[in-house]
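what's the 3D shape of this:
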Amino acid sequence: MTSFSEIVFYSLTFLSVYVQVFFLITFFENRKKIVVRNGPIELKDYPKVTVIVPSWNEEKTIDKTVQSLLSLNYPKDKLKIFLIDDGSTDKTWEAIQKFSEFSNVKIFHKENGGKHTALNLGLEHIETDFVGCLDADSVADKESLIRIMSYFEKDSSIMAVAPSIVAVNSKNMIQHAQEIEYEMSVYIKKMLGLVGGIHVTPGPLTIFRKKVFDDLGPYRHAHNTEDMEIAYRMQKNHYKIEQCNDAYVYTGTPPTVIKLYKQRLRWIYGFINNTIDYRNILFRKKYGNFSVFTVPSGVLSVFAASYLFGKMIYNLGNFLLSKFIEYKTIGFNFNFNSDFLDPFFINTQSLSFISMLLFVMIIFSIILGKKMIDGKWKFSFNIIYFLVIFSVIGPFWLLKAVYNTLLSRKPAWR
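Numbering: from 1, shown residues only. The predicted model follows:
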């Protein structure tokens with residue numbers, strides 16, 4: 001008789017495979033629409049765009065960020081740049097002031113209130129029809145903005161376009177693992193864009209029509225994930241979000257396990273709590289794939305990872321306990337059973353087969369994401385780093401995010 005534990009396990013694994021198959025089918029159905037443009041392009045018209053750069057204690061990175069905006073392949077008289085110091089305690093304000101000499105740059109200084117308040121200060125001074133944000137630790141590719149704007153030109157119903165975020169300057173295994181994750185995310189977000197299911201408009205250079213904020217209001221605190229909440233709000237109001245896979249923004253990644261843990265804890269906590277805030281739209285067809293696929297699959301991922309991790313710890317505990325009892329009873333006995341080497345004994349319904357299938361699909365996602373960035377792919381040991389590090393560490397920030405939610409404990413920004 002099948003136990004409840006087995007029913008839960010096979011249900012979760014089936015749904016996990018279903019999500020990966022859904023992405024795969026979406027890719028094959030739309031592969032001709034996914035293009036990677038090489039070199040500069042031209043638009044029929046160049047709308048005016050304002051890019052807001054909120055910053056807090058970013059003296060080491062903000063210069064490169066602003067220089068990348070000044071170097072964009074976009075008419076300078078059509079591009080406005082707002083640099084906002086959100087009450088930094090280092091020399092960020094001094095670093096910002098030197099850009100005041102540029103005619104298309106405007107600088108602001110305010111008391112610390114959080115990223116959403118800095119963005120909203122910028123929105124109060126917007127005079128252009130398009131507005132975006134660039135985090136002060138990121139660098140925009142020269143062709144990124146014009147490629148994003150080409151989406152608005154071809155489809156007037158699009159209200160926001162997100163770029164592809166690429167991790168750079170990796171120096172250790174933790175960062176190399178994140179490179180692979182970001183590459184896979186390019187593929188996943190493009191698939192979500194194709195089915196209208198994007199759930200986050202990331203800080204690095206997502207561009208909006210100003211109408212979004214005129215109609216729906218400014219950014220909110222949103223559990224320190226304002227870029228996620230505005231996407232939820234847009235989806236609730238049927239505002240179309242796209243993803244431009246060949247508009248690249250380069251960003252650094254946390255260099256240590258602790259910093260990575262804190263970042264992902266904030267992200268997952270934000271996802272869980274924004275989902276709770278917008279729970280009334282879940283599984284309602286009128287909100288499209290965002291409601292019936294994107295958010296439920298995210299919730300599934302949190303639950304599945306937490307359950308499987310708990311099951312693994314439980315089984316490991318039972319194994320160690322049995323070995324301890326065996327040792328106390330008959331002493332040390334190393335018995336090597338070679339049956340597992342015989343393919344005949346492999347159960348195709350077992351965890352090993354299903355896990356292998358999922359890993360193959362994940363690797364395929366990584367390959368497609370890499371090809372969307374570089375146009376080619378070759379094997380990298382970074383994949384091994386990714387699979388090992390995120391499999392071991394990931395469940396901890398998931399479980400902690402759930403724990404914090406249950407106890408209403410807000411994680412720190414950094």
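
Kindly state the pLDDT recorded for the residue of the chain positioned farthest from its centre?
Distance from the C-alpha centroid of the chain peaks at residue 330, with 52.1 Å (CA atoms, centre = their mean). Note on residue 330: pLDDT of 71.

same check, this time on the one 4 residues further on
We have a pLDDT of 53 for residue 334.

show me the contacts for residue 131.
49-52, 122-123, 207-208, 210, 213 (CB atoms under 8 Å, 6 or more residues apart in numbering). C-betas here are computed from N, CA, C, even on glycine.

can you list these in CSV and add pLDDT, distance to residue 185 and neighbour count?
Output for the contacts of residue 131, formatted as CSV (pLDDT from 0 to 100; distance: CB to CB, whole Å; neighbours: other CB atoms under 10 Å):
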residue, pLDDT, distance to residue 185, neighbour count
49, 98, 24, 25
50, 98, 26, 23
51, 98, 22, 25
52, 98, 23, 24
122, 97, 26, 23
123, 97, 27, 19
207, 98, 19, 27
208, 98, 20, 25
210, 97, 27, 17
213, 98, 25, 17
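
ok, so of those residues, who is nearest residue 133?
Nearest to residue 133 among the contacts of residue 131 is residue 52, at 5.0 Å by CB to CB.

host element of that closest one?
strand 49-55 (DSSP states H and E).

could you pull out the strands for the stretch 1-150 of the chain?
For the stretch 1-150 of the chain, applying DSSP state E, counting those that start in this stretch gives strands covering 49-55, 79-86, 105-110, 130-133, 138-140.

Just the mean pLDDT for the fourth one, thanks.
It stands for strand 130-133. For strand 130-133, the mean confidence score works out to 97.

Going by neighbour count, list what's buried in that strand.
Neighbour counts using 16 or more other CB atoms under 10 Å place 130-133 of strand 130-133 among the buried residues.

quick one: contacts for the nearest residue in space to residue 199 that is not next to it in sequence?
Excluding its sequence neighbours, the residue lying closest to residue 199 (CB to CB, 6 or more residues apart in numbering) is residue 294, at 5.0 Å. Residue 294 makes contact with 192, 197-199 under the criterion CB under 8 Å, 6+ apart.

out of the residues you listed, who's nearest residue 102?
Residue 102 has its nearest neighbour among those in residue 198, at 32.7 Å by CB to CB.

Now for the closest one, how many residues are close by?
Residue 198 has 27 neighbours, counted by other CB atoms under 10 Å.

and it, how far is that from residue 243?
6 Å (CB to CB, to the nearest Å).

Report the set of residues contacting both of those two.
Contacts common to residue 198 and residue 243, judged by CB under 8 Å, 6+ apart, are 162, 189, 192.

May I ask which of those has the most neighbours?
So for the shared contacts of residue 198 and residue 243 (other CB under 10 Å), the most neighbours sit at residue 162, 30 neighbours.

Spit out the contact partners of it.
So residue 162 contacts 189, 193, 198, 200-202, 206, 241-244 (CB under 8 Å, 6+ apart).

change it to 7 Å
By CB atoms under 7 Å, 6 or more residues apart in numbering, the contact set of residue 162 is 189, 198, 201-202, 206, 241, 243.

now residue 66
53, 81, 83, 99 are the contacts of residue 66 under CB under 7 Å, 6+ apart.

Just the pLDDT for the residue nearest to residue 248 when sequence neighbours are not counted.
Spatial nearest neighbour of residue 248, chain neighbours left out: residue 141 (4.1 Å); criterion: CB to CB, 6+ apart. pLDDT for residue 141: 96.

before we move on, what about residue 94?
Note for residue 94: predicted pLDDT of 95.

What are the phi and psi values at residue 284?
As for residue 284, its main-chain torsions (degrees, to the nearest 10) stand at phi -110, psi 120.

wait, it sits on residue 295?
No - contact criterion CB atoms under 7 Å: residue 284 and residue 295 do not qualify, at 10.9 Å.

got the domain boundaries for the chain?
What automatic domain parsing lists as the domains of the chain is 1-33+155-332+341-414, 41-144.

What is the distance between the top strand by length along the chain and the centre of its chain?
When the chain is parsed with DSSP state E, its longest strand is strand 240-251. When distances are taken as CA atoms, centre = their mean, to the nearest Å, strand 240-251 is centred 12 Å away from the chain's centroid.

Tell me the strands beside that strand, with direction?
Strand 240-251 has the following strand partners under DSSP bridges: strand 138-140 (antiparallel), strand 158-167 (parallel).

Minimum distance to residue 19: which of those has it?
Within those, the stretch nearest residue 19 is strand 158-167; the backing value is 20.1 Å (CB to CB).

what about the spatially most central residue of the chain, distance to residue 167?
Closest to where the C-alpha atoms of the chain average out (CA atoms, centre = their mean) is residue 185, at 6.3 Å. Distance, residue 185 to residue 167, by CB to CB: 10 Å.

just residue 174 next, same as before
Distance from residue 174 to residue 167, by CB to CB: 11 Å.

One more: residue 239?
In terms of CB to CB, residue 239 sits 29 Å off from residue 167.

Residue 400 now?
23 Å.

do residue 392 as well
With distances taken as CB to CB, residue 392 is found 19 Å from residue 167.

for the stretch 251-400 of the chain, which spans come out with low pLDDT?
308-312, 314-316, 323, 326-328, 331-355 (pLDDT under 70).
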